[in-house]
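**Student:** one predicted model, sequence on top.
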Amino acid sequence: MNTLNYKALFKYHDHRLATIRKLMAFFITILLLSGLTAIPVEPELSLLTKIVTSETSIYNWLQKVLWAYRQVDAQHPFLLYGYDWLAFAHFVLAILFIGPYRDPIKNIWVIEFGLVACVLILPFAFIAGQFRGVPIGWRLIDCSFGVFGFLPLWICYGKTKKLMTKINS
């Protein structure tokens, strides 16, 4: 199909494309915000320890993480460079999803990549978390990123496949 028909199809299916773009913009924004949270770790942990009730196990975990963060910062600050790279990875991944925002059909592979990455969060969180001594509740929070990331991507994937069907018919 030539370029003109391709553009005409997008105009005809504007509602489907608009939904894909809204969900992609949401997904990109969440990735960027998630990356930003990897930078000011100490203020975030300090705030959380003030918000969370001190009688909970999550409070004890947050206190332990904050104490460890401060120890590493004081004695081995170069290790915190890993947080910088974590943030950078989120920013780069957000940029990757601009492709399906602009043209979901041509970049459906990026959506598929995102779906696979979201699914892989679950075994990674459970396996790595077990070896690192991360409590099960915290691993479940990490897994929620995979679940909640999967949902908008799955919707985008389905709508993109329907657009592809229309082009091929």
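**Tutor:** Yes, it's here.
**Student:** how much space between the residue nearest to the spatial centre of the chain and residue 97?
**Tutor:** Taking Cα atoms, centre = their mean, the centroid of the chain lies closest to residue 31, which sits 4.6 Å from it. Counting by Cβ to Cβ, to the nearest Å, the gap between residue 31 and residue 97 amounts to 7 Å. From N, CA and C alone the C-beta is placed, and that goes for glycine too.
**Student:** one step back: how close does the residue nearest to the centre of the chain sit to residue 133?
**Tutor:** Taking Cβ to Cβ, one finds residue 31 at 27 Å from residue 133.
**Student:** my read: the residue nearest to the centre of the chain touches residue 95, true?
**Tutor:** No. Residue 31 is beyond contact range of residue 95, at 9.0 Å (criterion: Cβ atoms under 8 Å).
**Student:** and residue 146, helix, strand or coil?
**Tutor:** What DSSP: H, G, I helix; E, B strand; the rest coil gives for residue 146 is helix.
**Student:** now it. Nearest residue, chain neighbours left out?
**Tutor:** Closest residue to residue 146 apart from its sequence neighbours, by Cβ to Cβ, 6 or more residues apart in numbering: residue 121 at 3.2 Å.
**Student:** and for residue 31?
**Tutor:** Closest to residue 31 by Cβ to Cβ, 6+ apart is residue 94, at 3.9 Å.
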